[in-house]
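J.: Show me how the following folds:
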Amino acid sequence: MAKSTISQRELINDSFTCLFQKMHVLEDYYLKQKGIKDLSSNELRILDITTQMQCPTMGDIAHRSRLSNGTITITMSKLEKKGYAQRIRDEIDKRIVRVKLTPVGLKAVRCRKKFFEELIDHACEDQHIVSDELLLSTLKKISEFFEGVKEEL
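T.: Below is the predicted model of the structure:
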């Protein structure tokens, strides 16, 4: 591989690393500014996953998040104590535990979505970026890579 290619790959790697780190830090800062100060990024991700399903069970959330049932149980216990979620026994089959977000939990998810909406709005201020086929193709390839890795886990 040519030296210029290696430095270009390093630049891309550094850019992704920096982007992901800044995104996590800024997301946390943004949420704290909105009054959501006591959630970890993993807890917030679990809340977000919960809103993507109708009346999810603990098992549904574990499956969708690719975490163990035990991890989801521990996380849900923390979220309940913090007032973001509640577990409810199914009316018909008492073995089934469903999860419902509280108004505070729904607010946290809305704030997280708003953060990403603002991020995309800012990125798309230049109208040329929305129609940039190379950029869109690259983003699609990155997304496909993540999906491939997710499938392997």
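J.: Give me the nearest residue to the spatially most central residue of the chain, chain neighbours excluded.
T.: Ranked by distance to the mean C-alpha position of the chain (CA atoms, centre = their mean), the top residue is residue 45 at 4.4 Å. In this structure, residue 45 finds its nearest non-sequential neighbour in residue 65, 7.0 Å apart by CB to CB, 6 or more residues apart in numbering. From N, CA and C alone the C-beta is placed, and that goes for glycine too.
J.: Going by secondary structure, the nearest residue to residue 85 once chain neighbours are set aside is in what exactly?
T.: Spatial nearest neighbour of residue 85, excluding adjacent residues (CB to CB, 6+ apart): residue 79 at 4.1 Å. Assigned by DSSP states H and E, residue 79 falls within helix 69-82.
J.: next helix or strand past that helix?
T.: Note on helix 69-82: by DSSP H and E, the next helix or strand toward the C-terminus is strand 85-89.
J.: all strands for the protein, in order.
T.: Using DSSP state E, the strands of the chain run over residues 85-89, 97-101.
J.: tell me the most buried of those?
T.: Sort the strands of the chain by mean neighbour count, taking mean count of other CB atoms under 10 Å, and strand 97-101 sits at the top with a mean of 18.
J.: From what I see, residue 82 and residue 36 are in contact.
T.: No: in this structure, residue 82 is not within contact of residue 36 by CB atoms under 8 Å, at 10.0 Å.
J.: Show me where the chain dips below the pLDDT cut-off.
T.: 1-6, 150-153 (pLDDT under 70).
J.: ranges for the helices of it?
T.: 3-33, 41-51, 58-65, 69-82, 103-123, 127-130, 133-152 (DSSP state H).
J.: So which elements touch the fifth one?
T.: Same thing as helix 103-123. Helices and strands touching helix 103-123, as assessed by 3 or more CB pairs under 8 Å, 6 or more residues apart in numbering; DSSP states H and E, comprise helix 3-33, helix 41-51.
J.: residues in contact with it?
T.: By CB atoms under 8 Å, 6 or more residues apart in numbering, the surrounding residues in contact with helix 103-123 are 23, 26-27, 30-31, 34, 36, 39, 44, 47-48, 50-51, 79, 83-85, 101, 129.
J.: With that, I have no additional questions.
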